[in-house]
Each structure stands twice: as C-alpha cells, then as structure tokens.
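# got a structure for you, letters missing:
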C-alpha cells in the first residue's frame, strides 16, 4: 500500500497551476465563478474545453489511445484539485463522460472514428435523450417511438430533462422499436447527427434558479438514418445501462469540487458574524456541521481514489449506484451549508449579475450570488441519472443477490 | 497509489482468517468472555505462533519489523470475530511504548507471548488528546511515584507490566512510566467492558514507577494514531459482518407474507448500511496507505476516527432495527458487534470531537 509523494508530482502540480493561472480568458474565469450546478455556462465552458484539448488535457479519464492523458491516480487528483482551486468551469459531462466512453466501449470502428474526435476537441456537444414525461424512474417504460422505414427510422414522441439540448448539435437517445415481450426488450439506442432535423423541436424549461438548463425535445415524424444505431435493434437497454455506469460511476472525481465548496463556505463564515458572538466560523455548532461534511467528502475522495486506482471496490456491481448516491447527497449538503452561511444575503434574485459578461455587480458578495442558485439547482442531483430511491433499490437488490 | 495488500500480507490475512474461522466462533467467544481469565491463553499462543505479537517491533528488538498495513491486513478478521484478546492494548499501545523506551527484555517477552502488558492512559474523559492527561508524577529519591486514577485499562488486572501516561510533576510534559503490577499502593477494580474485554479501573497511591520516556507527547500521538488505524480496521470488519448478517436476515425473515427485504423502507436501510460500510472501508484503506507512506497528518486521523465512529454507530443501530426484537437479545451476535463499535467510537475521541476538530479548520 502506498500513496506517492514524489517530488516530480509537485513539479506536475506547478505545471498544471501555471496553465490554469495563465490560459483561461477572463470570460472563462467568470463562467467558472458563476457555475451554479454540474453544468457550467455553455459558451465559455466549450471555449475552455477547446483550450484544454489543445493542451492535451480535455479527457484525463479516457484511455490514452483515444486521447486520454495516461496520468497516474495522483496526477489525476492533482489536476482536479488545481482545477477547482482556480474555480474554472467543469467540462460538460454528456459528451466526455457519457457518450464518449460508451462509444469507446461499444461503438463500431466507423462510429468511433466519426464521433470521438469532435467530442474530444469540443466541436460537438451531445444532449442525452432518456427521460420522457411518462417515464422517469421507470425509464424502461419509455414510449418515444422509432419505426423502421427503408434505411431510416421515423421518430415520434418526446423527451424531457434533456440538459442543454438548446445548445447541443447532436443527441443520443432511447427509442421504442418494439412493444413485444418485456418493456426492456423493445428499446433501441440511437445517435442523432443533428438537432435540427425537420420535425424536431427543442423547448427550454426555466428552472428554479430562473435559467433554462433543462429542455423538452419533440419529435414529429423525424426521419433519421439507421446507421446511427448503437448496438442491435431492440438491444438498447443493455447499451443504456452500460452508459449509466459511466454516468453514475464518477470517472471524473467529484470530491475536489465539493472540498472547494467547503473552503468557500468556511471562508464566508469567517466573515459572517454569529449571533452568539464572534464569527460564524468560531461557532461550535457550525464547526461540528462543517467538520462532519468535510469528513464525508474526504471519504468520498478516498472512495474515488480507490476506484480510479483499480481497487476491487469499483468492481462491486453496486459501485455506480453507491457513487451516485454519495456524490449527489454531498452536493446537496454542501449547498445547504453554503446557503445557510449566506442567509438573507442569498435571497436576492440576481439573474443579470449571474449572466457571464453582464458586467452587473452582485448584491452582496460573489459567494452570496451563487449560494442560493447552487442550492436550488442541487435539488436535481438526487433526481437525475436515476433517482436516489432507484439507486438504493439497485444497491439493496444486489445485497439480496449476495453481492 | 496502490491500495492492495502484498502477497505476504494476503497470506497472513488468510491464515489469521482461517484460524479464527475454525477456532473462534461466536459461542466460543462467549464462553471466553464469561471465563475467569477473560480471554484464551491458547489463542494468544497461536497469535504468537502466527507472528502477530512480534509484528510491530523492529528486527533489532527481536520483532518482525512489520508496517501498519501488515497489521491492518488481519485486523478486519479480529473485528469480524469480535476478538477479546488484548492485542491492540498489550502489543501495540503498551508494547510499542516499551519498545520506544528501550525495554528490550519486555519487548522480547511480549513478542514471544510470554508476557502481557497493559496501557494505563484513559482518565474518564474519553481522552481524545494526550494533552488532556492530568495524572502527575512526583519525584521520590532517585525515582518517581504516581498518584491518581486510570480507567479502562484493558488487561490491567492481568498484566505483567503496566505502561502509564502521566505528567512529569505539576503541569510538566507528558511522560511514560513503567509500573510493576505488584507495586505497593496500586489497586485494580476489574470489570468486563460492554464489548467483552477484561479491563480495570486502577487507583495509584504513591506507586513507585520507572520513567520510560521523558518527553512522550510526540510518541503518544504517533502510537495512538497507529492504534486508531488498527482499531478502525477492526471496526470495518465488524461493520462488514453486520451488513452481511442484516442482508441475509432481511431475505429470510418473512412478515406480511414476504421477505422483509422486499419492503422499500428496509431495502433502503440496507442500502444505506452498505454505502456507509463502503465509505468506511475506503477511508480506512486510504488512511492506512497514507500511514505507510509517511504522509499521515492530524486531520487524516480526524477524518478516519470521526467518519468510522459515526458510520459504525449508524450501521449497528440499523442492524438492530432490521432484526427487530431479536436484535435486542444477548444471544444474537448483532448487539455484540454494535457494542464493539460503540466502544470504538467512545475511545480516543468520539466522532463529535473529531468532526469538530476538522471543522475548526
């Protein structure tokens, strides 16, 4: 057993920190500071994605032959820690963290050659078409239909909660291609080359924070080529489940982001008077609460490090569900703590000040600006990617099966 | 980063696991706890045979020069079987203190299983930090005497030698002393702990003591940090057992015509137990690796002890709830695992202490 503290790692840390200190434009930095959910402001985020690609650092978690970095676990975490310290916008997960790794695992050579390079370099952004108005936790009941017609499919129905579909130029989705047998058996996984096929319409949904992040996508006789199918027809459920292991599995460590929230909360608390005297950060109850949260985040970090190092803990079939559950609930708890520290200063609705490039000074501090939107947006974490109720069902089912 | 055990460690882990599997079932343990001796001389001799008693000491002092992960490798089995032999207290706490104090003869005897040492540290406040130690020594001729009370001295009434933590004079630095068990003025009030250890509260009235280490603050912190890691590995073993037992029980226990695991409230409780156990395991392994690499800091110990103290308690309480009335009986092992975890949490600072220390930043 060992953790490497070699001096070369400090040189690596300096190299990463130097790049983060010099490369990002002011707009990218502003987008990082104004990130109030898992999804950073789109335009600046993609600009930063392309800069990281130029540096060779867009996808540290990808295999090296597909453009990954080949870093050690230590390097991966140093990169993530410096990234968060610099408050830079996290790259969007749908392309790099979901459909990219899925294509690497299951795509044909043709699909990999066509789709992976523009995912890696940030030319493409993919939306995820899974949920439907009538199919949330019970995803396999989905009804958006694709009927074969010559070399094409004709799609009818709708998708919902497709994050950033209004920014996407491609989309991966699940469609029903058969109503025979079990509901899981008639599902097919499709890759859509465009978001502007005739008959396709994207409608953004304004969220609790006042910004459109989620969307609805409507399909009215949309004709797409069958060559976009990933896997066999009616075998999309196994493809979808495979993708979910990436979506829930945490190839990109979340703990550095959460630790950064703790730092920001502690810093803000040191400037917020406590009604019991001194500053909030001196209050024993606050110390106990933030300490408990920090211990839990540290444990998530350990869990992530073990997993990334290839430890058997990650081979447990329940691993993706456990990771998703831990991660999502910690984001919520961190955001609760942050909004508690912010208090009434977080009550101003500040849509303009939150917009990157608006040049509108926030009411209160920059911490106050993001604490409430972060809290509100974080309500989604225990709902998306399979609600935590579903995750706990899966974990318990595995235990009953002797896992 | 590497969090796996070496082949040698895996072999040791497996032989300890095999031995306990064969010779240390729950009923055997129960009889040991009820026995006069409080633990088994045969088991202790077998630990010596397996090399466990010599493991923490340097080769120069007749030990095996083992590292922290060597001890963690088999400690989970100790937790799984709720071992009541005073390994951690006699060999690691008292043994390592004697080794640092260059009591080579004692170290040799301990490593061979010929002597048992006890560690008199606790004064009744959960003593999360050695800085809370209040007992003082007095100069007496060329030597020292100790007066005061120590609590929860595991094997205190049975030990061949006692190691005592006290201050050098009034408000002086922390020091470690050796005391002979038959010394005049020493009185032991023995009892069994809730988790099955033979322990004693010990009264010292001008008891003559030999100074082992004069400025022992750093040594104490290091030894206690080491022990927290090993006890954490034992706690993880106990948690693992509870998760497994509870899962199996929920699959077989039927109410309203179906296994109770089919009820979502029970299923989710089970899932939370597994999540808590997995986090505890990850933190224990990571902290062990840090300790092995010389990168261990005070905050890492706070995370470990805080996190595992909390999760152990939660897992134990959930296990009792899932077992219903049965979980409340002395006959079932579930409550005994829980009590081991409660004792783990209470010693060397409970989770509330460690979390607040973390929160102070």
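Yep, it's here. Note that the coordinates shown come from a computational prediction; the quantities given were computed from them, not determined experimentally.
# doesn't residue A:101 belong to a helix?
Yes - if the criterion is DSSP: H, G, I helix; E, B strand; the rest coil, then residue A:101 is within a helix.
# now it: closest residue in space, sequence neighbours ignored.
Nearest in space to residue A:101, with sequence neighbours left out and distances taken as CB to CB, 6 or more residues apart in numbering or on different chains, is residue A:246 at 4.6 Å. Any C-beta I mention is one placed from the backbone N, CA and C, and that applies to glycine too.
# so which residue is smack in the middle of chain A?
Closest to where the C-alpha atoms of chain A average out (CA atoms, centre = their mean) is residue A:93, at 4.3 Å.
# still on that earlier bit, list the contacts of the residue nearest to residue A:101.
Counting by CB atoms under 8 Å, 6 or more residues apart in numbering or on different chains, residue A:246 touches A:97, A:98, A:101, A:102.
# and those, which is closest to residue B:28?
Closest approach between the contacts of residue A:246 and residue B:28, by CB to CB: residue A:101, at 50.1 Å.
# show me what from the stretch 251-400 of chain A comes close to chain B.
Residues of the stretch 251-400 of chain A that fall close to chain B, judged by CB under 8 Å from any CB of the partner chain: A:266, A:281, A:284, A:286-292, A:294-296, A:298-303, A:305-306, A:309, A:311, A:313, A:316, A:318, A:322, A:325-326, A:389, A:391-393, A:395-397, A:399-400.
# switch the cut-off to 7 Å
Contact residues (CB under 7 Å from any CB of the partner chain) of the stretch 251-400 of chain A with chain B: A:266, A:281, A:284, A:287-292, A:294-295, A:298-299, A:302-303, A:305-306, A:309, A:311, A:313, A:318, A:322, A:325-326, A:392-393, A:395-396, A:399-400.
# could you turn the buried ones of those into a PyMOL selection?
In PyMOL, a selection of the buried entries from these looks like this (16 or more other CB atoms under 10 Å in any protein chain shown):
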select buried, chain A and resi 266+281+287+288+289+290+291+292+294+295+298+299+302+303+305+306+309+311+313+318+322+325+326+392+393+395+396+399+400
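# so of the residues of the stretch 251-400 of chain A next to chain B, which ones are in helices?
Among these, the members falling in helices (DSSP state H) are A:266, A:284, A:287-292, A:294-295, A:298-299, A:302-303, A:305-306, A:322, A:325-326, A:392-393, A:395-396, A:399-400.
# picking that back up, mind checking pLDDT for the residue nearest to the centre of chain A?
Listed pLDDT for residue A:93 reads 94.
# spatially nearest residue to it (excluding sequence neighbours)?
The shortest distance from residue A:93 to any non-neighbouring residue, by CB to CB, 6+ apart, is to residue A:38 (6.7 Å).
# you'd agree the one you found is in a helix?
No - applying three-state DSSP, one finds residue A:38 to be coil, outside a helix.
# that one: how many residues sit nearby?
When neighbours are defined as other CB atoms under 10 Å in any protein chain shown, residue A:38 has 20 of them.
# as a quick check, tell me the outermost residue of the chain.
All of this is about chain A. The C-alpha centroid of chain A is most remote from residue A:277, which lies 39.9 Å away (CA atoms, centre = their mean).
# meant chain B actually
Most distant residue from the mean C-alpha position of chain B: residue B:257, 42.6 Å away (CA atoms, centre = their mean).
# tally of neighbours for residue A:221?
Neighbour count of residue A:221, defined by other CB under 10 Å: 13.
# tell me the spacing between it and residue B:264.
Distance, residue A:221 to residue B:264, by CB to CB, to the nearest Å: 41 Å.
# which residues touch the residue of chain A found nearest chain B?
Relative to chain B, the nearest point of chain A is residue A:291 (2.8 Å; CB to the nearest CB). Counting by CB atoms under 7 Å, 6 or more residues apart in numbering or on different chains, residue A:291 makes contact with B:355, B:356, B:357, B:358, B:359.
# and the helices in chain A, which stretches?
Counting by DSSP H, the helices of chain A are A:7-22, A:26-33, A:42-55, A:73-85, A:93, A:100-106, A:109-121, A:236-249, A:255-269, A:284-308, A:319-342, A:351-354, A:366-378, A:388-400.
# chain center to the fourth one, what's the gap?
In other words, helix A:73-85. Put simply, helix A:73-85 sits 17 Å off its chain's centre (CA atoms, centre = their mean, to the nearest Å).
# could you give the angle of it to helix A:284-308?
Helix A:73-85 runs at 140 degrees relative to helix A:284-308, counting by axes from the mean of the first three to the mean of the last three CA atoms, to 10 degrees.
# contacting residues around stretch A:2-10?
Residues from elsewhere that reach stretch A:2-10 (CB under 7 Å, 6+ apart): A:74, A:78, B:1, B:2, B:289, B:290, B:292, B:293, B:295.
# typed the wrong thing, it's stretch A:75-95
Contact partners of stretch A:75-95, identified using CB under 7 Å, 6+ apart, comprise A:9, A:12-13, A:16-17, A:20-21, A:24, A:28, A:31-33, A:35, A:38-41, A:44-45, A:48-49, A:58, A:60, A:71, A:119, A:124-128, A:163-164, A:253, A:256-257, A:260, A:305, A:308.
# residue B:341 and residue A:368, how far apart?
In terms of CB to CB, residue B:341 sits 41 Å off from residue A:368.
# which of those two has more neighbours?
The residue with more neighbours, out of residue B:341 and residue A:368, is residue B:341; 27 against 22, by other CB under 10 Å.
# give me the number of residues near residue B:22?
Neighbours of residue B:22 (other CB under 10 Å): 8.
# which element, helix or strand, includes it?
Element membership for residue B:22, per DSSP states H and E: helix B:7-23.
# which residues touch that helix?
So helix B:7-23 is contacted by B:5, B:46, B:50, B:69, B:70, B:73, B:74, B:77, B:81 (CB under 7 Å, 6+ apart).
# ditto for stretch A:346-359
A:27, A:30-31, A:34, A:41, A:44, A:210, A:339, A:360-363, A:368-369, A:371-373.
# now these: which count as buried?
Buried by 16+ other CB under 10 Å: A:30, A:31, A:34, A:41, A:44, A:339, A:362, A:368, A:369, A:371, A:372, A:373, out of the contacts of stretch A:346-359.
# so who does the closest residue in space to the fifth one that isn't next to it in sequence touch?
Think residue A:44. Closest residue in space to residue A:44, ignoring its immediate chain neighbours: residue A:31 at 3.5 Å, by CB to CB, 6+ apart. Neighbouring residues of residue A:31 by CB under 7 Å, 6+ apart: A:40, A:41, A:44, A:45, A:89, A:356.
# for chain A, what are the nearby residues on the stretch 151-300 of chain B?
Residues of the stretch 151-300 of chain B lying close to chain A by CB under 7 Å from any CB are B:247, B:251, B:261, B:267-268, B:270-271, B:274-275, B:278-279, B:281-283, B:285-286, B:288-290, B:292-293, B:295.
# buried subset of these as a ChimeraX selection?
Selection of buried members from these for ChimeraX, criterion 16+ other CB under 10 Å:
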select /B:247,251,261,267,268,270,271,274,275,278,279,281,282,283,285,286,288,289,290,292
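# can you show me the strands along chain B?
Secondary structure of chain B (DSSP state E): strands located at B:117-120, B:136-140, B:143-154, B:161-167, B:174-179, B:186-192, B:198-213, B:254-255, B:258-259.
# who touches the second one?
Residues from elsewhere that reach strand B:136-140 (CB under 7 Å, 6+ apart): B:144, B:145, B:146, B:166, B:167, B:168, B:169, B:170, B:175, B:177, B:208, B:209.
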